[in-house]
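Asks: Okay, sequence plus prediction incoming.
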Amino acid sequence: MLHLLQDSDGFIHMSRHFPNKMSIAVTFIDGTQRQFSGARINELYDQALAAYRRGNNLDAKGFDRRARNIHRRNDIGLVPVSPDMAT
């Protein structure tokens, strides 16, 4: 099991997908702890990445969604989470 901590802004730090069947415990700033599956955390990561790309018009500028080489400047590392997102 992997343990992640929510930062004071409401985000967890992750820069890659986790295995879908992995169990991930997230401790929130209010002290509560919820379990997420890797698949659910990956969904949240993909949603945050899509919002980032929309907000910065990366698709309109011609950046590929699935580039062979990952350029971290066109990526995210923070994913917003809340206790009600766990399933």
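Replies: Cool, the structure landed. Numbering: from 1, shown residues only.

Asks: Quick check: which ranges of this structure have low pLDDT?
Replies: 58-76, 87 (pLDDT under 70).

Asks: what are the ranges of the strands in it?
Replies: Along the chain, the stretches classed as strands by DSSP state E are 2-5, 11-13, 23-27, 33-37, 78-80.

Asks: Distance from the last one to the middle of the chain?
Replies: Okay, so that is strand 78-80. Taking Cα atoms, centre = their mean, to the nearest Å, the mean C-alpha location of strand 78-80 is offset from the chain mean by 5 Å.

Asks: how about it: buried residues?
Replies: Within strand 78-80, the residues scored as buried using 16 or more other Cβ atoms under 10 Å are L78, V79. Every C-beta, even on glycine, is put in place using the N, C-alpha and C of the backbone.

Asks: and if you look at the fourth one?
Replies: Residues R34, F36, S37 are the ones in strand 33-37 that count as buried (16+ other Cβ under 10 Å).

Asks: Likewise for the first one?
Replies: By neighbour count, and taking 16+ other Cβ under 10 Å as the criterion, the buried residues in strand 2-5 are L4.

Asks: got it, and the third one?
Replies: Using 16+ other Cβ under 10 Å as the test for burial, strand 23-27 gives I24, V26.

Asks: Show me what it is packed up against.
Replies: In this structure, strand 23-27 packs against strand 2-5, strand 33-37, helix 38-55, with contacts taken as 3 or more Cβ pairs under 8 Å, 6 or more residues apart in numbering; DSSP states H and E.

Asks: which outside residues touch it?
Replies: Residues outside strand 23-27 that contact it (Cβ atoms under 8 Å, 6 or more residues apart in numbering) are 1-6, 12, 18, 33-38, 41, 81, 86.

Asks: from the chain's centre, how far out does it sit?
Replies: Distance, centroid of strand 23-27 to centroid of chain: 13 Å (Cα atoms, centre = their mean).

Asks: Next: the fourth one.
Replies: Using Cα atoms, centre = their mean, the mean C-alpha position of strand 33-37 is found 14 Å from that of the whole chain.

Asks: who does that strand pair up with?
Replies: strand 23-27 (antiparallel) (DSSP bridges).

Asks: Dump the C-alpha coordinates for the partner strand into PDB.
Replies: In PDB, the C-alpha atoms belonging to strand 23-27 read as follows (Å, rounded to 0.1, in the frame of the first residue of the first chain):
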ATOM      1  CA  SER A  23      -4.200   0.400  -3.000                       C
ATOM      2  CA  ILE A  24      -3.400   4.000  -2.200                       C
ATOM      3  CA  ALA A  25      -4.200   5.600   1.200                       C
ATOM      4  CA  VAL A  26      -4.500   9.400   1.100                       C
ATOM      5  CA  THR A  27      -4.300  11.400   4.300                       C
END
